[in-house]
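Colleague: My questions are about this predicted structure, shown below with the sequence.
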Amino acid sequence: MKKNDKQKGENDISLPLTSSSDLRSRQSVRATFKLTEKAIETISIVAFHMGIKQKSLFDHLIEDARSLNSIAREIKHPEFRKQDRIQKTYVISRKTLSCLEKVSKNFGAPRDALVEYSIKRLMPVITEERAKHRERKKILGEITEYLKQGEKILRKSREILGEDDPVCYKFENAMAACCNAHNSIKSFVERGKIIEDF
């Protein structure tokens, strides 16, 4: 009986096989780069603000072969060397490191430069998030006012109907849910302060 590239799983479902090399390419490795302070801050801020691991950001940016090749063609070596750099170690996948080294070798482009310019691709994300952050702050202010108005209505309904009235009870539950949502939104907006002055 011939083996093919699929195996039968439970309930006779055909599943594609995976290989040990595929799995090894996803192993984490440590890689050290010399980057500008701005690049280091950029990747930290995007990772923190959006709740994405730095490793995932590196994998996303570096494994985009088309963009990495475009960056490699455009890099100006003397201009890149002029800037002050800090040595920084990151955890990335073996596949990401392999892609980086392959493009670096093919184009004669420094690895550090490829990483630096790849991170610059995150700047539009920060710009967009900064604009959203300003709007979120405004909306939070409106929600805070809405909550204050709701508390006034709840106090009034308790005075008129009594605390045991079903209307008061239902409105109290609605206010508790609104208060929880307000606190979650406030916490999210507080976290967003990191991008205000970036």
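Modeller: Nice, thanks for sending it over.

Colleague: which of the residues in the strand or helix carrying residue 169 are buried?
Modeller: Element membership for residue 169 (DSSP states H and E) is helix 166-191. Going by neighbour count (16 or more other C-beta atoms under 10 Å), the buried part of helix 166-191 is 168, 171. No exception for glycine: its C-beta is placed from N, CA and C like everyone else's.

Colleague: what's that helix packed up against?
Modeller: Secondary-structure packing of helix 166-191 (3 or more C-beta pairs under 8 Å, 6 or more residues apart in numbering; DSSP states H and E): helix 123-161.

Colleague: Mind doing that once more with 10 Å?
Modeller: In terms of contacts (3 or more C-beta pairs under 10 Å, 6 or more residues apart in numbering; DSSP states H and E), helix 166-191 is packed against helix 37-50, helix 123-161.

Colleague: Format these as TSV; extra columns: mean pLDDT, distance to residue 192 and mean neighbour count.
Modeller: Listed next are the helices and strands packed on helix 166-191 as TSV, based on pLDDT from 0 to 100; distance: least, C-beta to C-beta, whole Å; neighbours: other C-beta atoms under 10 Å:
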stretch	mean pLDDT	distance to residue 192	mean neighbour count
helix 37-50	92	6	17
helix 123-161	95	4	13
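
Colleague: re the thing from before, now the helix holding residue 169, how far from the centre of its chain.
Modeller: Here helix 166-191 shows a centroid-to-chain-centroid distance of 26 Å under the convention C-alpha atoms, centre = their mean, to the nearest Å.

Colleague: angle of that helix against helix 37-50?
Modeller: Interaxial angle of helix 166-191 relative to helix 37-50 (axes from the mean of the first three to the mean of the last three C-alpha atoms, to 10 degrees): 170 degrees.

Colleague: Quick check: mean pLDDT of helix 166-191?
Modeller: Helix 166-191 comes out with an average pLDDT of 95.

Colleague: what's the answer for stretch 92-105, then?
Modeller: Average pLDDT, stretch 92-105: 92.

Colleague: Now find how far off-centre it is within its chain.
Modeller: With C-alpha atoms, centre = their mean as the basis, stretch 92-105 stands 21 Å off its chain's centre.

Colleague: ok, back up a step: will you turn the helices and strands packed on helix 166-191 into JSON lines that also has distance to residue 86?
Modeller: Converted to JSON lines, these look like this (distance: least, C-beta to C-beta, whole Å):
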{"stretch": "helix 37-50", "distance to residue 86": "6"}
{"stretch": "helix 123-161", "distance to residue 86": "19"}
